[in-house]
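Engineer: Show me how the following folds:
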Amino acid sequence: MIEEKKKKKILTLFFFAFCCIYPTAVAIEAITVTIHIIIDLPPSSEITRTDCIGEEWKLKPGEHFRITRWPDRQYICKAENGSKKGSWLAFDPFRDFLHEDVFWLVREVGFYFSYDQSNWKKTNGWQN
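Structural biologist: Residues are numbered from 1 along each chain as shown. Okay, here's the model as predicted:
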């Protein structure tokens, strides 16, 4: 009888723990943002050196790179392609509020922004 009560208490505790922890984990997963960087340069272009959020990558034309982060601050990306340099505000919590994905296209004439990969808006150009 006592053993049965202990089992019920343990099961009840597990149930409450699951009910409290699982929604929190789901909420945390739901509030991340993915920043997509797509290198849309001609195949003959040099490798583009990209520095986003303190991490550096060398990306080839045609590559699509993803970074998932908390949407709690602004994230700035920088790129170098040969002698050209540029930067852009990859994520802004006020501008990108409620968007799970932010897309960036790196082209010969500059950097383009989109939420849906259909409607692109040029934000910055390259500097020599």
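
Engineer: what sits up against stretch 119-128?
Structural biologist: 81, 83-89, 105, 108-114 (C-beta atoms under 8 Å, 6 or more residues apart in numbering). (Glycine included, C-beta is placed from N, CA and C.)

Engineer: what's the straight distance from one end of that stretch to the other?
Structural biologist: End-to-end span of stretch 119-128 (C-alpha to C-alpha, to the nearest Å): 27 Å.

Engineer: In that stretch, which residues are buried?
Structural biologist: Within stretch 119-128, the residues that qualify as buried are 120, 126, counting by 16 or more other C-beta atoms under 10 Å.

Engineer: repeat for stretch 63-80
Structural biologist: Quick answer for stretch 63-80 (16+ other C-beta under 10 Å): 63, 67, 71, 75, 77, 79, 80.

Engineer: I'd like a version of those residues in TSV, one that adds secondary structure and distance to residue 97 as further columns.
Structural biologist: Converted to TSV, the buried residues of stretch 63-80 look like this (DSSP: H, G, I helix; E, B strand; the rest coil; distance: C-beta to C-beta, whole Å):
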residue	secondary structure	distance to residue 97
63	coil	28
67	strand	18
71	coil	8
75	strand	14
77	strand	19
79	strand	25
80	strand	30
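
Engineer: Mind picking the two most distant members of those residues?
Structural biologist: Farthest-apart pair in those is 71 and 80; separation 26.5 Å (C-beta to C-beta).

Engineer: all helices of this structure, in order?
Structural biologist: 2-30 (DSSP state H).

Engineer: could you pull out the strands for it?
Structural biologist: Applying DSSP state E to the chain gives strands spanning 33-39, 48-52, 55-59, 64-69, 75-81, 84-91, 101-107, 110-114, 121-124.

Engineer: Adding mean pLDDT, write those strands out as CSV.
Structural biologist: Output for these, formatted as CSV (pLDDT from 0 to 100):
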stretch, mean pLDDT
strand 33-39, 93
strand 48-52, 86
strand 55-59, 84
strand 64-69, 89
strand 75-81, 91
strand 84-91, 93
strand 101-107, 95
strand 110-114, 96
strand 121-124, 94
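
Engineer: Thank you, goodbye.
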